[in-house]
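> here are the coordinates; sequence isn't available:
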């Protein structure tokens, strides 16, 4: 098969607002992977459930996926969606999509079927990879998806009418690189936020943004000699921060189908893991394991934490018992801001999320968009070379995330409240939009409240995040019932039937009334306080 001639491509109505870097060199990620395969063909690229895929083998897998996509008719910048567990084939599909000039759309396995359909439509996905475990969520919806190419339903691990098994699909595809030119502004991926009403927002990254992010992560020493344990899903931006860097440098990824503490510790010790990106609840579970201190983790050089603040007590425990450096990273999937706390180097700053990384600018603004001086509390805005292009098909909402400085520079509004101290360390104080971060994933309280308020016996409702040993925090519904004819359990079951797995309420509690401000806003800080109070 020969690569087709490339048509002129209109990439997007959106253009990146990231700063221009003079004389910047650019090499796309799939090319970096191909170069790694040439340098170290027999080095492990992926390890998964007792199976090792060398860089030579991985590069061939990527090439075959790229050729198979081109044979289906995929054109540059078109989208390929993936709904499956992490495994070598999933990673090959992701990078093969990029090598074919396409854009990867990893979908959350925790989303409901209706939400998945919305995301597939919004991205205009041309091809869809699905695993057996997720097949039931989408199969009945696919006939109405006009954007899917003929033959574009790829079955990862099952056989069924209307589907093409992944192994059969790539079996006869050429092994050589199709050599599709990749431009810096080509879309790299779309990562969807969670949501239950309307279409979740698709965060669009381009190749330039990801290349800059990879370069930034190499500053931590993540490189060709790294072995990274990937225990969070590939549809999470958290995972990609380190996974893409290891891939670009020619290192090794040890993949977990699903995280569990015992499995993590066993893999870390067996494969002499050097790096791991984790969310706070994972740290809590791993350190609490009764056999933690029996495992040899001396190979670790770096552990990273992101997606939510890591409690100071957990950081201190990790520093004492877990070898290597611990870095807490604060950032957004949208990009624009990246703060890093080197925990061991700054033991007196453990309540902060660190200082802005090189090339990152952070400011604090008030509700009127005026910049505030050091020490004052306001909304955090950030600017860097790694910034999203925008929200897919949502130019208005994209513009709403921008703040323009007096000098005319574009910053991203984080929606988080915080302050900068005299040493330039950033402290998070509250979340403007009441996002609940459970198990490393964002849950939007307003989405859950809208579902609660649809129940015929609910007069008023608010959702807050409360502490959870298992998830870090978890959503709780506080409900004012209309009558005594309904129970808390009945409402809980009714609502959870209408939510995705990751969004379900941990409980419902009745209230006579909800506290509100003089302008009618529910005082969520007041509602949360009893659950988060010390002791």
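Nice, thanks for sending it over. Everything numeric in this text was worked out from a predicted model, so none of it was measured. Numbers count the residues shown, from 1 in each chain.

> need the helix or strand of this structure with the lowest average pLDDT.
When the helices and strands of the chain are compared on mean pLDDT, DSSP states H and E, strand 441-444 comes out lowest with a mean of 75.

> Just checking: what are the partner strands of that one?
Neighbouring strands of strand 441-444 in its sheet, by DSSP bridges, are strand 435-438 (antiparallel).

> List the buried residues for the helix or strand immediately after the least confident helix or strand of the chain in the chain?
Where DSSP states H and E defines the elements, the next helix or strand beyond strand 441-444 is helix 445-452. Across helix 445-452, burial judged by 16 or more other C-beta atoms under 10 Å covers 445, 447-449, 451-452. The C-beta positions use only the backbone N, C-alpha and C, and glycine is treated the same way.

> what helices or strands is helix 445-452 leaning on?
strand 458-468, strand 472-481, helix 488-496 (3 or more C-beta pairs under 8 Å, 6 or more residues apart in numbering; DSSP states H and E).

> Give the rounded mean pLDDT of the last one.
Mean pLDDT, taken over the full extent of helix 488-496, equals 96.

> Show me the contact partners of it.
With C-beta atoms under 8 Å, 6 or more residues apart in numbering as the contact definition, helix 488-496 has outside contacts at 448, 451-452, 455, 457-458, 477, 479, 481, 504-505, 507-510.

> Same check on stretch 505-512?
With C-beta under 8 Å, 6+ apart as the test, stretch 505-512 has contacts from 448, 463, 466, 468, 474-481, 488-489, 491-492, 495-496, 499.

> let's see 7 Å
For stretch 505-512, the external contacting residues (C-beta atoms under 7 Å, 6 or more residues apart in numbering) are 448, 468, 474-481, 488, 491-492, 495-496.

> can you pull the buried residues of it?
With burial defined by 16+ other C-beta under 10 Å, the residues of stretch 505-512 counted as buried are 505-506, 508.

> now do stretch 21-40
28-34, 36-37, 40.

> Stretch 362-376 now?
For stretch 362-376, by 16+ other C-beta under 10 Å, it's 362-365.

> Residue ranges in the stretch 301-450 of the chain under the pLDDT threshold?
430-434 (pLDDT under 70).

> what do you get if the cut-off is 50, keeping everything else the same?
Across the stretch 301-450 of the chain, nothing is flagged by pLDDT under 50.

> At which residues are the helices of the stretch 301-450 of the chain located?
Listed in chain order, the helices of the stretch 301-450 of the chain (DSSP state H, counting those that start in this stretch) span residues 312-321, 395-400, 445-452.

> Of the buried residues of stretch 505-512, which belong to strands?
residue 508 (DSSP state E).

> Specify which member of the buried residues of stretch 505-512 is nearest to residue 358.
residue 506 (40.2 Å; C-beta to C-beta).

> so which of the helices of the stretch 301-450 of the chain comes closest to residue 304?
Of all those, helix 312-321 comes closest under C-beta to C-beta, at 11.4 Å.

> contact partners of that closest one?
Residues from elsewhere that reach helix 312-321, judged by C-beta under 7 Å, 6+ apart: 280, 283-284, 287, 292-293, 326, 343-344, 350-351.

> try 10 Å
Helix 312-321 has contacts (C-beta atoms under 10 Å, 6 or more residues apart in numbering) with 278, 280-281, 283-284, 286-288, 292-293, 297, 303, 305, 309-311, 324-326, 328, 341, 343-344, 347, 349-352.

> Pretty sure residue 380 sits against residue 360.
No: using C-beta atoms under 10 Å, residue 380 is not in contact with residue 360; the gap is 11.6 Å.

> Show me the common contact partners of the two, please.
By C-beta under 10 Å, 6+ apart, the residues touching both residue 380 and residue 360 are 336-337, 339.

> For the residues you listed, give me CSV that also has neighbour count.
Shown next, in CSV, are those (neighbours: other C-beta atoms under 10 Å):
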residue, neighbour count
336, 28
337, 28
339, 24
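
> and of these, the nearest to residue 428?
residue 339 (9.5 Å).

> Let me know which of the helices and strands packed on helix 445-452 is tucked in deepest.
strand 472-481 (a mean of 22; mean count of other C-beta atoms under 10 Å).

> what is the mean pLDDT for that strand?
Mean predicted confidence for strand 472-481 is 93.

> For that strand, name the packing helices and strands.
Applying 3 or more C-beta pairs under 10 Å, 6 or more residues apart in numbering; DSSP states H and E, we find strand 472-481 packed against helix 280-288, strand 435-438, strand 441-444, helix 445-452, strand 458-468, helix 488-496, strand 507-510, helix 524-532.

> again, 6 Å this time
strand 435-438, strand 458-468, strand 507-510 (3 or more C-beta pairs under 6 Å, 6 or more residues apart in numbering; DSSP states H and E).

> now these as a markdown table including distance to residue 81?
Formatted as a markdown table, those follow (distance: least, C-beta to C-beta, whole Å):
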| stretch | distance to residue 81 |
| --- | --- |
| strand 435-438 | 24 |
| strand 458-468 | 29 |
| strand 507-510 | 34 |
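
> Against residue 302, how distant is residue 67?
As judged by C-beta to C-beta, to the nearest Å, residue 67 and residue 302 stand 36 Å apart.

> Those two: which is more packed in?
residue 67 (24 against 19; other C-beta atoms under 10 Å).

> Give me the distance from the host helix or strand of that one to the chain's centre.
If you go by DSSP H and E, residue 67 is part of helix 55-72. What separates the centre of helix 55-72 from the centre of its chain is 25 Å, taken as C-alpha atoms, centre = their mean, to the nearest Å.

> Do me a favour and average the pLDDT over the next helix-or-strand element following it.
Next helix or strand after helix 55-72 toward the C-terminus (DSSP H and E): strand 79-83. For strand 79-83, the mean pLDDT works out to 98.

> in the stretch 51-200 of the chain, which spans are strands?
Secondary structure of the stretch 51-200 of the chain (DSSP state E, counting those that start in this stretch): strands at 51-54, 79-83, 103-106, 127-130, 153-155, 164-165, 187-192.

> Can you say which of these is nearest to residue 376?
Across the strands of the stretch 51-200 of the chain, closest to residue 376 is strand 187-192 (C-beta to C-beta), at 32.4 Å.

> what's next to the closest one, contact-wise?
77, 103-105, 119, 123, 200, 202-207, 210, 237, 333, 392 (C-beta atoms under 6 Å, 6 or more residues apart in numbering).

> quick one on the thing from earlier: any chance of the helices and strands packed on helix 445-452 in TSV, with distance to residue 148 too?
Conversion of the helices and strands packed on helix 445-452 to TSV gives the following (distance: least, C-beta to C-beta, whole Å):
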stretch	distance to residue 148
strand 458-468	35
strand 472-481	34
helix 488-496	31
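
> so what are the domain limits for this protein?
When the chain is parsed with automatic domain parsing, its domains come out as 30-258, 360-431, 435-532.

> what's the most buried one of those?
Most buried among these, counting by mean count of other C-beta under 10 Å: domain 30-258, with a mean of 20.

> For residue 157, which of the helices and strands packed on helix 445-452 is the nearest?
Nearest of those to residue 157, taken as C-beta to C-beta: helix 488-496 at 28.4 Å.

> Taking helix 445-452 as reference, get the angle to that closest one.
Counting by axes from the mean of the first three to the mean of the last three C-alpha atoms, to 10 degrees, helix 488-496 lies at 110 degrees to helix 445-452.

> Helix 488-496 vs strand 472-481, what angle?
Using the same axes, to 10 degrees: helix 488-496 against strand 472-481 is 110 degrees.

> Sweet, I'm off.
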